[in-house]
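Peer 1: Can you look at this prediction? I've put the sequence above it.
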Amino acid sequence: MDSYLPIFVLLVLGVLFAGLSFVASGMLAPRKHPTAAKLAPYECGIVPDVDPPQRFPVRFYLVAMIFIIFDIEIVFLYPWAVIFRQLRTFGLVEVLVFAGAVFISFLYLVSNGALDWGPVRRLMPAVRTRTTASTVRRVAARAAGSELPGPDAPGTGRAA
Amino acid sequence: MGDPLFMNGVGLAVLVIVIVKVLVAFAALMVAVMFMIWFERKVISDMQARIGPNRAGPFGLLQTLADGIKLFFKEDLLPERADLPVFKLAPYLSIVPAFLAFAIVPVGGVVTVAGHTFDLQVADPPIGILFLLAMSSISVYGVMLAGWSSGSKYPLLGSVRASAQMISYEAALGMTVTAVVLITGSLSTRAMVISQASHVWDWNIIRLGVVPFVLFMVAITAELNRPPFDLVEAEQELVGGFNTEYSSIRFALFYLAEFMNTITMSAVVVTLFLGGPDGPGFHFLRWLWPILWFIGKTLAFLFVYVWLRAALPRLRYDQLMDLGWKRLIPLSLGWLLVVAAVLVDRWWGLVVAAGLVLGAVVLSRSALVGRVRTDELEPEATS
């Protein structure tokens, strides 16, 4: 049964199911006139005063564009995979060259930080020498009233 | 056969078979979703030492049905800032691909009823697995448009996250599927299942060396927005994610689509890597055993999804993107090349495997460079 007819029938059935659900819901659901507060965007009870953001971090668009590169690569890979057994060594070398080119551009992207998200990572921790022992010593010194500059006191142990 | 668009007309018997198959698949899918939701709630409550649903029907089996009927009776709210045509279209874009994707999964062997021989599979188009990828791409639109058209903050954030996540992992998904296509030499799911038949050692999970299977599992978990990749509906941050503004039957359709996709993807893992309906059978009821094997294997994966939800905390967004782009995509591409090389020659395999290791080293170095660069760009942040 190598045909698309069943898929088409299933498509019709799926659309019918969704459509009839809406019809049934329309007949069964209560018809009220909701208040303005109910119609407003849901913000956990706070009255919304700012519109949803029109702009988004550019990284999302960047990801979409990089995705297209890989998607095109996949589009090329599928026909290649189907006839690979006939192509043998030629097919392998050819796709190695292709994958190599994509991989090098991918390396360029990664090494430019194009795919880095989230908080900026510090290269060194702000306080390097803070240990259990040093904290105990510092607290003890403070309790004794003498502010001895410990290894993690401000200004001494901090690596910028 | 050999007439995919039925240019020469359709016989009545063929039409009857098609309609019966579609109706059976449709009903089976709906019942499966109903029990899957019950199964998930029950298993996760067991894992959390709770009782879970136990009121509606025996063991709470009818809980999902009760919830569904309840949603029909709920007020259908259309938010005032919503873009109404798109808002109404989005549930269709979610549910219809979810139905269609299951069509290509082979659920059993070949049976003969009243002189007509057919596969136990809704459809076996020549493009096979590409159809699945197409459907999973279309369902991204459902999520994206639902969030965008709601005219509200949380759904918008959820849907933008969702689309970035889904397209990121779709690249890895596509490449791991390519490895299966490579070893089968065909896109048809039936051909994939046949090429794995006869012995456990012929299953693709073994033949391809486990790695594509693991990558595929991770990629589809992210593609389905299941925990630990459910940033789309991270309740603590985004209320309900892209479907926050949806209520009543529209919400039910999204929910249905989500679980239907989970079932379909489990079935697809079984098809691609675990031999589909392959397994030992007996001489009586010959047609039944493959179906039972298929259902058993699929159930195992459905359990794994619930288990993941109970066991793992949610990833942070940057971790999610790092995992997808810097690990899954390069590794799936590299492994695909290694598989191709081994198919040609053992020595080619060794050469390409060495190349894979070298590539991994270079990639980790460039990831480090990228991180340092980002730091240099924002000198203020380093006090």
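Peer 2: Okay, I see it. Numbers count the residues shown, from 1 in each chain, chains lettered A, B, ... in the order given.
Peer 1: contacts, neighbours, all on C-alpha from now
Peer 2: Noted.
Peer 1: Can you show me the helices along chain A?
Peer 2: Counting by DSSP state H, chain A has helices at residues A:5-28, A:36-39, A:58-82, A:84-111, A:132-143.
Peer 1: Could you tell me the least trusted of those helices?
Peer 2: Ranked on mean pLDDT, the bottom entry among the helices of chain A is helix A:36-39, at a mean of 76.
Peer 1: Please export the C-alpha coordinates of it as CSV.
Peer 2: Provided in CSV are the C-alpha atoms of helix A:36-39 (Å, rounded to 0.1, in the frame of the first residue of the first chain):
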residue,chain,number,x,y,z
ALA,A,36,-12.7,42.6,31.3
ALA,A,37,-10.4,41.2,33.9
LYS,A,38,-11.1,37.7,32.6
LEU,A,39,-10.3,38.7,29.0
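Peer 1: Can you point out the buried residues in that helix?
Peer 2: Of the residues in helix A:36-39, A:Leu39 count as buried by neighbour count, 16 or more other C-alpha atoms under 10 Å in any protein chain shown.
Peer 1: before we move on, what about stretch B:44-60?
Peer 2: B:Ile44, B:Gly52, B:Pro53, B:Gly60.
Peer 1: Output the helices of chain A as a markdown table; include the columns distance to B:Leu15.
Peer 2: Below are the helices of chain A laid out as a markdown table (distance: least, C-alpha to C-alpha, whole Å):
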| stretch | distance to B:Leu15 |
| --- | --- |
| helix A:5-28 | 9 |
| helix A:36-39 | 47 |
| helix A:58-82 | 31 |
| helix A:84-111 | 36 |
| helix A:132-143 | 76 |
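Peer 1: among those helices, which is nearest B:Tyr169?
Peer 2: helix A:58-82 (9.4 Å; C-alpha to C-alpha).
Peer 1: Quick one: end-to-end length of stretch B:237-245, please.
Peer 2: 15 Å (C-alpha to C-alpha, to the nearest Å).
Peer 1: thinking again about what came up before, with B:Ile69 as the reference, name the closest of the helices of chain A.
Peer 2: Closest among the helices of chain A, using C-alpha to C-alpha: helix A:5-28, at 9.6 Å.
Peer 1: mind checking how far that closest one is from the chain centre?
Peer 2: 33 Å (C-alpha atoms, centre = their mean, to the nearest Å).
Peer 1: list the contacts for A:Ala114?
Peer 2: Going by C-alpha atoms under 8 Å, 6 or more residues apart in numbering or on different chains, A:Ala114 touches A:Arg59, A:Leu62, B:Gly370.
Peer 1: Who are the packing partners of the stretch of helix or strand the last one belongs to?
Peer 2: Going back to what we said before, that points to B:Gly370. Per DSSP states H and E, B:Gly370 falls inside helix B:346-377. Using 3 or more C-alpha pairs under 8 Å, 6 or more residues apart in numbering or on different chains; DSSP states H and E as the contact test, the elements touching helix B:346-377 are helix A:84-111, helix B:329-344.
Peer 1: in the longest one, what counts as buried?
Peer 2: Spelled out, it's helix A:84-111. A:84-85, A:89, A:91-92, A:95-96, A:99, A:103, A:106-111.
Peer 1: Who are the contact partners of the residue nearest the centre of chain B?
Peer 2: Nearest residue to the geometric centre of chain B (C-alpha atoms, centre = their mean): B:Met265, 3.2 Å. Counting by C-alpha under 8 Å, 6+ apart, B:Met265 touches B:Ile220.
Peer 1: still on that earlier bit, cross the buried residues of stretch B:44-60 against helices and list the overlap.
Peer 2: Going by DSSP H, the helices hold B:Ile44 from the buried residues of stretch B:44-60.
Peer 1: what's the farthest-apart pair in the buried residues of stretch B:44-60?
Peer 2: Of all pairs in the buried residues of stretch B:44-60, the most separated under C-alpha to C-alpha is B:Ile44 and B:Gly60 at 14.0 Å.
Peer 1: Assumed B:Val111 was part of a strand.
Peer 2: Yes: under DSSP: H, G, I helix; E, B strand; the rest coil, B:Val111 sits within a strand.
Peer 1: Neighbours of it, how many?
Peer 2: 14 (other C-alpha atoms under 10 Å in any protein chain shown).
Peer 1: my read: it touches B:Gln121, true?
Peer 2: No: the criterion here is C-alpha atoms under 8 Å, and B:Val111 misses it with B:Gln121 at 10.6 Å.
Peer 1: For the stretch 101-250 of chain B, just list every one of the helices.
Peer 2: B:129-149, B:153-184, B:189-196, B:204-207, B:211-223, B:235-238, B:248-273 (DSSP state H, counting those that start in this stretch).
Peer 1: Least reliable of these by average pLDDT, please.
Peer 2: For these, where the average pLDDT is lowest is helix B:235-238, sitting at a mean of 72.
Peer 1: Now tell me what touches that helix from outside.
Peer 2: Contacts for helix B:235-238 (C-alpha under 8 Å, 6+ apart): B:Tyr154, B:Pro155, B:Leu157, B:Gly158, B:Val232, B:Gly241.
Peer 1: Which one of these sits in the busiest neighbourhood?
Peer 2: Neighbour max across those (other C-alpha under 10 Å) = B:Pro155, 32 neighbours.
Peer 1: Tell me the confidence at the closest residue to that residue other than its chain neighbours?
Peer 2: The shortest distance from B:Pro155 to any non-neighbouring residue, by C-alpha to C-alpha, 6 or more residues apart in numbering or on different chains, is to B:Phe242 (3.9 Å). pLDDT, B:Phe242: 80.
Peer 1: right, and B:Phe242 touches B:Val232 too?
Peer 2: Yes: using C-alpha under 8 Å, B:Phe242 is in contact with B:Val232, at 6.9 Å.
Peer 1: Need the residues touching each of the two.
Peer 2: Joint contacts of B:Phe242 and B:Val232 (C-alpha under 8 Å, 6+ apart) are B:Gly158, B:Ser159.
Peer 1: From start to finish, how long is stretch B:225-244 in a straight line?
Peer 2: End-to-end distance for stretch B:225-244, by C-alpha to C-alpha: 15 Å.
Peer 1: From the chain's centroid, how far away is stretch B:281-299?
Peer 2: Worked out by C-alpha atoms, centre = their mean, stretch B:281-299 lies 23 Å from the chain centre.
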